[in-house]
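Engineer: Structure of the sequence below:
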Amino acid sequence: MNAVKPVKPSTIRLDFPGLTRPIHLRDAEPVANALQVGLSGWRPSVQAADASDNPASATHRRGGAYVVQSTYLDEPMDGLTVTGAFCAIVADLSEIWSEEHPKDLMLHAGGVVIAGQVVAFAGEARAGKSTLMARLTAEAWAQVLCDDVLPVQPDGQCLGLGIPPRLRLPLPKAVSARFRQHVQDNAPLRDGQYAYLAAETTAPHGTKAAMGAFVALTRLESGPARFHDLPKVQAMAHVLTRNISLSDETDPFLERAQNLVEGAVCLRLVYSDLEEAVALIRQAFCDGLIDIGPAMDLPPAPVLSPVALSDSWAQMAQVRLRQRGAETYLWHPQENSVLAVNPIAAVVWQLLSESQTGDAIAKTLAEAFPQVTPATIRADVALLLAQFEAAGVIRRR
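Structural biologist: Residues are numbered from 1 along each chain as shown. Below is the predicted model:
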């Protein structure tokens, strides 16, 4: 992990209940206020920082913006708004929780308590998970645990960390007037990119409930909202690929994940209209009126065009590499996305810790795999970089 720079006299230390590693803030009172306003029921103690502290992250003001330095980032995040700094810090809080609670499964999923049980929602990037969780904060019958990281404790209870759902701005034109007004009234933290929904229906830190249902989200361009059966094997694959915990206890994790899936109703929610989806969720989990269609074949993934190998690329600073046994994933907490990668793809992503052209990467791989033709390697690299770009884990330089 990267070290955080030494403190200065004006630095304060925030200690969050349940965590041993603190957060440092220097000349960043608006960020401290944002944490007070944005986090639900998770109030840190405040004291002067000390040089002997071992902070997980440190935020300071520079000019009219903020810089966040974190042990989980290869380089500081600079030029952040108050909302951007809040976003970076809460991502670190999730990381610290995972690190200090290795027996918790940390599912990359949204979680909502409905009628006393948790309904977990997971989906591929752009499936609308965070928007749906934010929209559900407008409903009195739903208590939103999270939109991004759902800890599941060893006793099977899902835990709310008190982190509010985040919306990407601007809102889609198709959202309802009611939701638009809800965002206006309940998003005290916002900038031009994100808004956090600090509504009364956001569950306070420490809220617990057992999982009752696991829902995979599929958003289509058109068509009515409907539920389909989700085979247990597919639900298990969702859980396995969405565990972002730092624990290496593979066997216990597999057993717990299997128990979690076996004890839950597993469904796929297909929708195009957000309001229809919310109405259907209420009918299913509040009223018990649920019509489940058969398991469905998903539409094929869009075909990507290979990138130009002459272009230069580098890792997105926020992306974390996660490994679970033989499985490797790239997790982007700011984009709420998880990408499963094979060993070669993981190596390519690690090569991009420093800016490189596709040509340079292809040359490196050609030297490592002389039995493969250079033309094949170049074609594979061009397509892999396109996949990385689409997933938001690399950027052009």
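
Engineer: Do a quick rundown of the strands in the stretch 151-300 of the chain.
Structural biologist: With DSSP state E, counting those that start in this stretch, the ranges of strands along the stretch 151-300 of the chain come out as 157-159, 166-168, 189-190, 194-196, 208-219, 226-229, 265-271, 292-293.

Engineer: The third one pairs with which strands?
Structural biologist: Okay, so that is strand 189-190. Counting by DSSP bridges, the strands paired with strand 189-190 are strand 194-196 (antiparallel).

Engineer: what's the strand it pairs with in contact with?
Structural biologist: 38, 83-84, 86-87, 164-169, 183, 187-190 (C-beta atoms under 8 Å, 6 or more residues apart in numbering). Glycine gets a C-beta too; all of them are placed from N, C-alpha and C.

Engineer: quick revisit: so for residue 115, which of the strands of the stretch 151-300 of the chain sits nearest?
Structural biologist: Closest to residue 115 of the strands of the stretch 151-300 of the chain, according to C-beta to C-beta: strand 208-219, at 8.1 Å.

Engineer: I'd like to know the average pLDDT value across that closest one.
Structural biologist: On average, the pLDDT along strand 208-219 is 96.

Engineer: Just the angle for that strand relative to strand 265-271, thanks.
Structural biologist: 40 degrees (axes from the mean of the first three to the mean of the last three C-alpha atoms, to 10 degrees).

Engineer: Who are the packing partners of strand 208-219?
Structural biologist: Judged by 3 or more C-beta pairs under 8 Å, 6 or more residues apart in numbering; DSSP states H and E, the packing partners of strand 208-219 are strand 117-123, strand 157-159, helix 232-241, helix 250-262, strand 265-271.

Engineer: which element follows whichever strand or helix holds residue 95 toward the C-terminus?
Structural biologist: Residue 95 belongs to helix 82-100 when assigned by DSSP states H and E. Next helix or strand after helix 82-100 toward the C-terminus (DSSP H and E): strand 105-108.

Engineer: can I get the CA coordinates of the next helix or strand after that next one in CSV?
Structural biologist: Remark: after strand 105-108, the chain's next helix or strand is strand 110-114, criterion DSSP H and E. The C-alpha coordinates for strand 110-114 follow below in CSV (Å, rounded to 0.1, in the frame of the first residue of the first chain):
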residue,chain,number,x,y,z
GLY,A,110,-27.3,-2.4,-4.2
GLY,A,111,-29.3,-3.4,-1.2
VAL,A,112,-32.8,-2.4,-0.1
VAL,A,113,-34.7,-3.5,2.9
ILE,A,114,-38.3,-4.2,1.9
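
Engineer: Next, the angle from strand 110-114 to strand 208-219.
Structural biologist: Using the same axes, to 10 degrees: strand 110-114 against strand 208-219 is 120 degrees.

Engineer: can you offset everything so residue one is 446?
Structural biologist: Understood, numbering begins at 446; the last thing we discussed is strand 555-559.

Engineer: hmm, who's touching strand 555-559?
Structural biologist: Strand 555-559 is contacted by residues 563-567, 574-575, 577-578, 581, 586-593, 595, 603, 605, 610, 648, 652, 654, 657, 726, 730-731 when judged by C-beta under 8 Å, 6+ apart.

Engineer: Mind checking which of these are buried?
Structural biologist: 563-567, 574-575, 577-578, 581, 587-593, 595, 603, 605, 610, 648, 652, 654, 657, 726, 730 (16 or more other C-beta atoms under 10 Å).

Engineer: how about the helices and strands packed on strand 653-664 in TSV, adding distance to residue 546 and mean pLDDT?
Structural biologist: Below are the helices and strands packed on strand 653-664 laid out as TSV (distance: least, C-beta to C-beta, whole Å; pLDDT from 0 to 100):
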stretch	distance to residue 546	mean pLDDT
strand 562-568	18	95
strand 602-604	9	96
helix 677-686	18	83
helix 695-707	13	77
strand 710-716	26	96
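
Engineer: Okay, domains of this protein per the record?
Structural biologist: As assigned by automatic domain parsing, the chain contains the domains 456-545, 550-738, 757-841.

Engineer: Not counting sequence-adjacent ones, nearest residue to residue 836?
Structural biologist: Counting by C-beta to C-beta, 6 or more residues apart in numbering, residue 784 is the residue found nearest to residue 836 once chain neighbours are left out, at 4.5 Å.

Engineer: Look at that neighbour and give its secondary structure.
Structural biologist: Secondary structure state of residue 784, per DSSP: H, G, I helix; E, B strand; the rest coil, is strand.

Engineer: follow-up on the earlier one: next one: the helix holding residue 540 to chain centre, how far?
Structural biologist: Computed by C-alpha atoms, centre = their mean, to the nearest Å, the chain-centroid distance of helix 527-545 equals 11 Å.

Engineer: picking that back up, I'd like the domains of the chain as JSON lines, with distance to residue 748 appended.
Structural biologist: Below are these laid out as JSON lines (distance: least, C-beta to C-beta, whole Å):
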{"stretch": "domain 456-545", "distance to residue 748": "32"}
{"stretch": "domain 550-738", "distance to residue 748": "16"}
{"stretch": "domain 757-841", "distance to residue 748": "10"}
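
Engineer: Going by mean pLDDT, which of those comes out lowest?
Structural biologist: The bottom spot among the domains of the chain, by mean pLDDT, belongs to domain 757-841, with a mean of 86.

Engineer: Just the endpoints, please. Distance across that domain?
Structural biologist: In domain 757-841, first residue to last residue: 6 Å (C-alpha to C-alpha, to the nearest Å).
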